[in-house]
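Q: Return a 3D structure for these sequence lines:
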Amino acid sequence: MLEDQPDKVPDTATLLDQLSEMLESARKLPMSASVSINRDEFGAILAEAIEGLPDELREARWLLKERDQVLERAQHEADRLLETARIRAERMVEKSEVVRQARRTSEEILEDADRSAAALKHEAEDYVDRKLAAFEVVLDRTMQQVQKGRERLQVHTTPSGTAEPDTHDDGAFFDQDE
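A: Residues are numbered from 1 along each chain as shown. Modelled structure (predicted):
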């Protein structure tokens, strides 16, 4: 399946879909709920899917780091604007009207800086949230596929109400399983 397209590496969800299809199309064993699957092929696809996961996790970490950098830049910009406002205010101290105007201007600059910083922070958080939500969807699908695969591979126990064979018998036929 994967050898047909050596240049294109499928994502984890695609690989897990292939595993699911392989399980669904597997030949059933006579008088059993078990199926026959090519172990090597299944293992190779599963290993490739596992290798794909760290890239997605790395992307999530990168998004968090990027968010922190955006917030840090916004804080630096706000600090720079505050320092600019302080310098302007100090220069206008000479006259009372100038001082009043400087106070108004500095308050406006501070409010504008706060609004700008809050808007930048909100935009950064929204961006990271969207990316993490998309990643969460991919992980959810992956977990569902893994769960379906595990459920299909699960060995069925004896029906309730029937006695299970005694596995503690010293001369038991299946003592190697203990």
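Q: ok, residue 35 touching residue 23?
A: Yes. The pair residue 35 / residue 23 is scored as a contact, 6.9 Å apart, by Cβ atoms under 8 Å. The way it works is simple: take the backbone N, C-alpha and C, and place the C-beta from them, glycine included.
Q: shared neighbours, those two?
A: Taking Cβ atoms under 8 Å, 6 or more residues apart in numbering as the contact rule, residue 35 and residue 23 both touch residue 152.
Q: counting contacts, what elements does the worst-scoring helix or strand of the chain on mean pLDDT pack onto?
A: Lowest mean confidence among the helices and strands of the chain (mean pLDDT, DSSP states H and E): strand 35-36, at a mean of 82. Applying 3 or more Cβ pairs under 8 Å, 6 or more residues apart in numbering; DSSP states H and E, we find strand 35-36 packed against strand 27-28.
Q: Give me the residues contacting the strand it packs on.
A: 34-36.
Q: Return the closest of those with respect to residue 102.
A: residue 35 (80.1 Å; Cβ to Cβ).
Q: and the closest one, what does it touch?
A: Taking Cβ under 8 Å, 6+ apart, one finds 23, 26-29, 152 in contact with residue 35.
Q: one more time with 7 Å
A: 23, 26-29 (Cβ atoms under 7 Å, 6 or more residues apart in numbering).
Q: Spatially nearest residue to the most centrally placed residue in the chain, not counting backbone neighbours?
A: Nearest residue to the geometric centre of the chain (Cα atoms, centre = their mean): residue 135, 4.2 Å. Leaving aside its chain neighbours, residue 135 sits nearest to residue 60 (5.2 Å; criterion: Cβ to Cβ, 6 or more residues apart in numbering).
Q: and the one you found, that one's in a helix?
A: Yes. Assignment of residue 60 by DSSP: H, G, I helix; E, B strand; the rest coil places it within a helix.
Q: what mean pLDDT does the top helix by length along the chain have?
A: Longest helix in the chain, counting residues (DSSP state H): helix 96-153. Here helix 96-153 scores 87 as its mean pLDDT.
Q: picking up where we left off before, ranking the contacts of residue 35 by neighbours, who comes first?
A: Within the contacts of residue 35, most neighbours by other Cβ atoms under 10 Å means residue 23, with 17 neighbours.
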